[in-house]
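# model this:
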Amino acid sequence: MAKLSRKPIQDLERNLEFGLVRARGISDRSLLPGARYMEHTATMRSIVLGAQPSTVRFVRSVHDLTRKTIRLRWTRAEQEL
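Numbering: from 1, shown residues only. Here you go, the predicted structure:
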């Protein structure tokens, strides 16, 4: 079996020293619901953990997909959704 990399753990430790950890729900889990798409909007939920002061923040963001673009890797052009 391949040895697991310590990089993700080191990144987490560095963020904890800085005092901030973020997570976004993409698929449904008990802590964070996944992305929800309705007509021309996408709703995402995130959690932000802060060390100083000890805080837990739940963030709900709504994205207007009629105004969003994605960069296509193969042409490097912006494409509307």
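# give me the number of residues near the closest residue to Thr69 other than its chain neighbours?
Once flanking residues are discounted, Thr69 sits nearest to Glu78: 4.3 Å by CB to CB, 6 or more residues apart in numbering. (C-beta placed from N, C-alpha, C; glycine too.) Here the count is done by other CB atoms under 10 Å, and Glu78 has 10 residues near it.
# out of everything not next to it in sequence, what's closest to Leu20?
Among residues not flanking Leu20 along the chain, Gly50 sits closest, at 5.8 Å (CB to CB, 6+ apart).
# try Ser27
In space, Ser27 comes closest to Gly34 once its chain neighbours are excluded; the distance is 4.4 Å by CB to CB, 6+ apart.
# pretty sure that neighbour sits against Thr43.
No - using CB atoms under 8 Å as the test, Gly34 is too far from Thr43 to be in contact (9.8 Å).
# tell me the pLDDT of the residue nearest to Ser27.
Gly34 carries a pLDDT value of 85.
# so it: helix, strand or coil?
In three-state terms, and counting by DSSP: H, G, I helix; E, B strand; the rest coil, Gly34 is coil.
# and it, what does it touch?
The contact partners of Gly34, by CB atoms under 8 Å, 6 or more residues apart in numbering, come to 25-28.
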